[in-house]
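**Student:** Here is my input, please return the structure:
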Amino acid sequence: MFQPTRLKPLFHPGKLLVAPAAIEALRSNSVPVISVVLRHIAGDWGVVSEDDRLQNDVSIAAGLRLISIYRLPDQTRILVITEWDRSNTTIERLDDVVPGSDSRPTRPANRRYPAWPRADYVQEGRA
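**Tutor:** This is a model prediction of the structure:
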């Protein structure tokens with residue numbers, strides 16, 4: 001008998017903030033926002049560097065910022081960040097956060113992030 005795999009959340013994501021460009025990229029690739037969120041809170045960090053992967057594993061227990069990057073079918077990279085206090089999880093296109101990152105396809109973000117929340121983010125459920 002088929003039994004679906006259950007994902008166990010490792011942390012509470014807080015308020016979900018999604019940039020309009022990220023919503024558009026996800027929609028155009030037929031990827032639901034919830035699938036990205038579920039991967040993130042289950043500890044599937046996507047295509048981050050090994051250093052970021054190890055840091056995320058430590059950050060679960062230490063209460064630090066968590067970072068995931070997921071590549072969509074059209075090669076757009078989606079950045080997911082949960083703040084250290086677990087108050088917000090922000091989803092945006094990596095190219096919008098790190099200008100010129102499209103020229104470095106295998107390198108993760110280098111920690112230059114804007115302050116959150118910003119007025120142009122859409123809260124899930126209110127869009």
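
**Student:** and the gap between E83 and G63?
**Tutor:** 10 Å (CB to CB, to the nearest Å). For every residue, glycine as well, the C-beta is placed using N, CA and C.

**Student:** And the helices in the protein, which stretches?
**Tutor:** 20-28, 33-41, 50-62, 94-97 (DSSP state H).

**Student:** And E83 and G63? Which one has more around it.
**Tutor:** Taking other CB atoms under 10 Å, E83 and G63 do not tie; E83 has more neighbours (17 against 11).

**Student:** between the helices of the chain, which gets nearest to L72?
**Tutor:** Of all the helices of the chain, helix 20-28 sits nearest to L72, with 6.2 Å by CB to CB.

**Student:** Now do the closest one against helix 33-41, angle only.
**Tutor:** Angle of helix 20-28 versus helix 33-41, following axes from the mean of the first three to the mean of the last three CA atoms, to 10 degrees, is 110 degrees.

**Student:** Counting by contacts, list what helix 20-28 packs against.
**Tutor:** Contacts defined by 3 or more CB pairs under 8 Å, 6 or more residues apart in numbering; DSSP states H and E place helix 20-28 against helix 33-41, strand 77-82, strand 88-93.

**Student:** now that helix, how far from the chain's geometric center?
**Tutor:** Offset of helix 20-28 from its chain centre (CA atoms, centre = their mean, to the nearest Å): 13 Å.
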